[in-house]
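Asker: Provided below for reference: sequence and predicted model.
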Amino acid sequence: MSPSAPLTSPAPPRPYQRTTFRARHRPVVRGLAEAFFSADGEVEPAQLDAFVDEVDRFVSPASKTLRWGLLVMLDVVRWAPLFVLGRFSTFEGLPRAEKTRMLEAMDRSKIAELTLIVVAYKTIMSILFFESAIELSALGYPGPERHRYRRGLPLTTPTAIPTPLAAATTTTTTTTTATATTTS
């Protein structure tokens, strides 16, 4: 290759987006979101479907070990109705009220691992769900027009507060004087 020959740039990298959830996990995540945030059906189904992708994007950059653990937790939730409710069904096959009842039972379970599964996904999903501007405004968050930090704090006049060292010095001096008077 001669020095005057133009260098060819390598092919641009292909767009790559890691996804963690497999096809069997996605309905479980949607069911969890439905039970946590749409117990009465107030959240649109399209919003729940988009939320599954958002949770997947949040979990995917995590370490391989953490991703594996979160997937195992989803598999446990998927088959938990057999053991928690005694029903021969998967989690995604339950009606919304039964999903909520099962998650409440897992949350109050004496088996700490079941409680931790609910807490792990409830924490992740709550952070993501209530981060959207729509949900923040529904909670009463004023958004950009917030003026909390613009008001000034009232100024107070400083008062002289005796320090413990100054108080100890005056009592020591008084005690020494009294002792000297008594001995003479």
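Answerer: Now that the structure is in, tell me what you want to look at.

Asker: make it CA atoms for all contacts and neighbour counts henceforth
Answerer: Noted.

Asker: quickly find the element holding the residue positioned nearest the centre of the chain.
Answerer: By CA atoms, centre = their mean, the chain has its centre lying nearest to T123, at 3.9 Å. In this assignment (DSSP states H and E), T123 forms part of helix 112-129.

Asker: counting by contacts, list what that helix packs against.
Answerer: Applying 3 or more CA pairs under 8 Å, 6 or more residues apart in numbering; DSSP states H and E, one finds that helix 112-129 contacts helix 45-59, helix 96-107.

Asker: how about 10 Å then?
Answerer: helix 26-37, helix 45-59, helix 64-80, helix 96-107 (3 or more CA pairs under 10 Å, 6 or more residues apart in numbering; DSSP states H and E).

Asker: what is the mean pLDDT for it?
Answerer: Across helix 112-129, pLDDT averages out at 91.

Asker: name the residues of that helix that are buried.
Answerer: 114-115, 117-118, 121-122, 125, 129 (16 or more other CA atoms under 10 Å).

Asker: and the contacts of that helix?
Answerer: Applying CA atoms under 10 Å, 6 or more residues apart in numbering, the set of residues contacting helix 112-129 from outside is 29, 32-33, 36-37, 48, 51-52, 54-55, 58-59, 69-70, 72-74, 76-77, 80, 84, 103-109, 131, 135-136.
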